[in-house]
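# Would you be able to build a 3D model of this:
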Amino acid sequence: MSSASTTRTIKFVSKAGTYAAVIMCPDGDIYQEWEGSTSQVTGIYPNFEVTKPKLYFVCTSSRVAEGVATPDAINFYFNGTLIQWNGDTSTGTFAGLFKKIAPAGDNLYYGIQIVKNIAQAAGFAPAVIKMVATVSYGTQTDQIEASYNIPIQQATGNGIRVTIVSPDGKNFVINDKGGSCQLKAMAYQKGTELTANLSYVWEQMQASGWVVLTGKTTQTITVQDTDINSYGEFRVTVNRVSGTSAEELGKDIQGVMDASDPLQVDPHPSPEDEAITEDTSGNGTVTYTPVVVKRGTSTKALDTTFYFVVKDAVGNYLNPGSMGTDKATETVTRAQCVQAGGDVSITITSKD
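Numbers count the residues shown, from 1 in each chain. Reported below is the predicted structural model:
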């Protein structure tokens, strides 16, 4: 097994150490679909006034003393506009749409809860929630940010969605050595849970690509800290079984963070914002030259090469010809983004 792995979420921050910041949703992927027309909506699902999904800002630090880093403060943005608050309830442009969550009790994270439907506020188009946190260590302060894309579209087809949720409340994070967290696959049709005659195939992203997890065919699986290194990705395929045949209902991918792992991958992206523009006059590539570091230092821990897997949102490979070759660097291109029809991800796994 490799010593460390990441999926383009770890940033190198020269003043405060190496951070991995990501927005996690314990309720599974958030989306919203609507029926009718934008002037007369006849139905919307899931109904956020009922489900009230939550998003948490999970930030892990390379410093041994921190593990999970708790921000000093955090700001939330909806489609680029800063959300204003009256206490814990959103006000102004987004009055009553959101509730603010702060660390308390067993909850270690800041976050936001969506308490009303957002399709209209988003202009019946995809939305982005961004969180920008202030993190300090000693006398040094930095801004760490992460974004979460919410698909919003007119309902088409059978309206079936597959998503992975966190049934144990650990928010897909392993905090302790010897610890674990659970993943649970859910299938919904127009917001209603499907339960009858379902089967499950679980896979884990390895250096060679997706590998089926033998013996894991239940709706809920447990991921141990020994199963991943720093960060791991899991994919589920849900099928509806009828006699000897099976119909695929959908797939979903979920990342798991191990905040207790002593080794982390610093991906060293260039440019640092990891952004590729569709406009050919803008930036067209992002190059990764990763290094494995030991938690608590910025010093290279291993002299190793890496395996790189570039994939789209559902896990289809975008660099199949080079996935099995270990090397020191990898470049993601505009052409791969066009092929994926949007954002892509890169999984970086050390060879050792």
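
# where do the helices sit along the stretch 1-150 of the chain?
Using DSSP state H, counting those that start in this stretch, the helices of the stretch 1-150 of the chain run over residues 48-51.

# Any regions of it where pLDDT drops low?
1-20, 62-67, 138-139 (pLDDT under 70).

# and with 80 instead?
1-20, 60-69, 136-142 (pLDDT under 80).

# Phe124 - nearest residue in space that isn't next to it in sequence?
Thr38 (5.0 Å; C-beta to C-beta, 6 or more residues apart in numbering). C-beta: built from backbone N, CA, C; applies to glycine.

# The stretch 251-352 of the chain: strands as residue ranges?
Per DSSP state E, counting those that start in this stretch, the stretch 251-352 of the chain carries strands over the ranges 263-266, 269-270, 285-288, 291-294, 306-311, 330-333, 345-350.

# Now do the last one against strand 306-311: the angle between them, please.
Here strand 345-350 runs at 160 degrees with respect to strand 306-311, directions being taken by axes from the mean of the first three to the mean of the last three C-alpha atoms, to 10 degrees.

# Against which helices or strands is strand 345-350 packed?
Strand 345-350 sits against strand 5-6, strand 306-311, strand 330-333, with contacts defined as 3 or more C-beta pairs under 8 Å, 6 or more residues apart in numbering; DSSP states H and E.

# Buried deepest among those strands, which one?
Of all the helices and strands packed on strand 345-350, strand 5-6 carries the top mean neighbour count, a mean of 26, counting by mean count of other C-beta atoms under 10 Å.

# Relative to Val332, how far out is Ala21?
To Val332, Ala21 is 19 Å away according to C-beta to C-beta, to the nearest Å.

# Of all the helices and strands packed on strand 345-350, which one is nearest Phe124?
strand 306-311 (28.5 Å; C-beta to C-beta).

# List the contacts of the closest one.
Under the contact criterion C-beta atoms under 8 Å, 6 or more residues apart in numbering, strand 306-311 has outside partners 2, 205, 207-209, 265, 288, 290, 317-319, 322-328, 330, 332, 336, 340, 344-351.

# Distance from it to the middle of the chain?
17 Å (C-alpha atoms, centre = their mean, to the nearest Å).

# and what of stretch 326-344?
With C-alpha atoms, centre = their mean, you get 18 Å for stretch 326-344.

# Now do the buried residues in it.
If you call a residue buried by 16 or more other C-beta atoms under 10 Å, then stretch 326-344 has these buried ones: Glu330, Thr331, Val332, Thr333, Arg334, Gln336, Cys337, Ala340, Val344.

# Now tabulate those residues in JSON lines and tack on distance to Glu33 and pLDDT.
Listed next are the buried residues of stretch 326-344 as JSON lines, based on distance: C-beta to C-beta, whole Å; pLDDT from 0 to 100:
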{"residue": "Glu330", "distance to Glu33": "35", "pLDDT": "94"}
{"residue": "Thr331", "distance to Glu33": "36", "pLDDT": "94"}
{"residue": "Val332", "distance to Glu33": "30", "pLDDT": "91"}
{"residue": "Thr333", "distance to Glu33": "31", "pLDDT": "92"}
{"residue": "Arg334", "distance to Glu33": "29", "pLDDT": "90"}
{"residue": "Gln336", "distance to Glu33": "27", "pLDDT": "90"}
{"residue": "Cys337", "distance to Glu33": "24", "pLDDT": "87"}
{"residue": "Ala340", "distance to Glu33": "21", "pLDDT": "84"}
{"residue": "Val344", "distance to Glu33": "24", "pLDDT": "86"}
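
# low-confidence ranges in the stretch 201-350 of the chain?
In the stretch 201-350 of the chain, residues with pLDDT under 80: 207, 229-230, 260-264, 273, 294-302, 313-314, 341-342.

# one more time with 90, if that's ok
206-209, 228-232, 242-246, 257-269, 271-284, 290-304, 311-316, 320-325, 337-350 (pLDDT under 90).
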